[in-house]
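Enquirer: Here is my input, please return the structure:
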Amino acid sequence: MSFDVDIAKVVGGERRRFALDVRFRTRGRRTAIYGPSGAGKTLTLQAIAGLLTPDRGRIAFDEQIVYDGGAGIDLPAGQRGFGYLFQDYALFPKLSVRQNIAFGLSKGLRNPGEQAGGEAVERWLRSFELVDVARLRPGELSGGQRQRVALARALVDTPRALLLDEPFAALDPELRQRMRAELDELLDRVAVPVLMITHDPIDLDWFGDEVLYLRDGRIAEGPVSPAQPAPTRLHSV
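Expert: The predicted model follows:
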C-alpha cells in the first residue's frame, strides 16, 4: 500500500487556534502515526478518511488521488474505500451485533434489518467468533467483543485499507494488552493494510512497521518529552 499525504488545516478560532501541516509518504503494511494528545493525529486520520476537508493539499492512496484542493477533487468518505475504526468503536447501542456489522454495507441512514448483510456479515461473524452473540446489543458484550464487532463492521465492505483511531485508548491496561494481541492476530488473518494513530509507544512494537512522529501538527523527530524514551523504529518523513 502507499499513502501520500500533504495537507494543511486550521481549526478553532481567535482564542484557540490549531494549525495542521502534515506531509508524509508511507509504504508500510502497518503504519503508526505516533504522538501526544493534541498533536493533530485524529485530524490527520479524519482528513485521509474523508471525514474532514483540509484547507489545501493532496491525499493519494496507491496512486489514486482522493483529495486535491487545487484540482477540486474531494471523494466522499464512502467512495475512498477505507474502513474506519473509531476510538470508542461508535457501535449503535440499540442495534444487534449482526445489524451493527451490516451497517458497514449500508449506503444510507436506514438501520439494517435483523437478517441484513447475508453471507458477507455471516463471514465476519464466523471469522471473529461472534455467531453466538449475533443477536445481542453492544451493552451486553465484553470489551474484546465490542472491538471485534467494530472491526468486522469496518471490514465487511472489503476496504482497501483500515484506519484505526487509538483503538486501545478507552481500555484499562490489562485489557489493552490482551486486545493488542487479539487485534494483531486478526489483522494478520485479514491481510489488510493498516494506518493507526496512537499516543502509546507500546503500540509501536505491535503495529509500527513504519512509524511517523507527529507533534504540534507537524511530522517531527524525537520523543514526546526528554522523560519518555523515543520509541523503536521511529522515522521522520
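Enquirer: Show me what the biggest helix by length in the chain is packed against.
Expert: Secondary structure of the chain per DSSP state H: the longest helix is helix 173-190. Under the contact criterion of 3 or more CB pairs under 8 Å, 6 or more residues apart in numbering; DSSP states H and E, helix 173-190 touches helix 143-155, helix 202-207. (C-beta placed from N, C-alpha, C; glycine too.)
Enquirer: for the last one, which positions count as buried?
Expert: Neighbour-count burial for helix 202-207, with 16 or more other CB atoms under 10 Å as criterion, is recorded at 203-204, 206-207.
Enquirer: ok, these vs Ser2, which is closest?
Expert: Ranked by distance to Ser2 (CB to CB), the buried residues of helix 202-207 are led by Phe207 at 17.6 Å.
Enquirer: Let me see the contact set for the closest one.
Expert: 30, 32, 183-184, 187, 194, 196, 198 (CB atoms under 8 Å, 6 or more residues apart in numbering).
Enquirer: Buried only: go through those for me.
Expert: Neighbour-count burial (16+ other CB under 10 Å) is assigned, among the contacts of Phe207, to 30, 32, 183, 187, 194, 196, 198.
Enquirer: Name whatever forms a beta bridge with Val211.
Expert: Val211 forms beta bridges with Ala32, Leu234, as assigned by DSSP bridges.
Enquirer: For it, grab the count of nearby residues.
Expert: When counting by other CB atoms under 10 Å, one arrives at 26 neighbours for Val211.
Enquirer: any idea how far Pro76 is from it?
Expert: 30 Å (CB to CB, to the nearest Å).
Enquirer: who's in contact with the very next helix or strand once past the longest helix of the chain?
Expert: Going down the chain from helix 173-190, the next helix or strand is strand 194-198, by DSSP states H and E. Residues outside strand 194-198 that contact it (CB under 8 Å, 6+ apart): 3, 26, 29-34, 41-42, 44-45, 48, 161-169, 187, 203-204, 207.
Enquirer: average pLDDT across strand 194-198?
Expert: Here strand 194-198 scores 94 as its mean pLDDT.
Enquirer: any chance of the contacts of Phe207 in TSV, plus distance to Ala19?
Expert: Shown next, in TSV, are those (distance: CB to CB, whole Å):
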residue	distance to Ala19
Arg30	28
Ala32	23
Leu183	32
Asp184	34
Leu187	33
Val194	27
Met196	23
Thr198	22
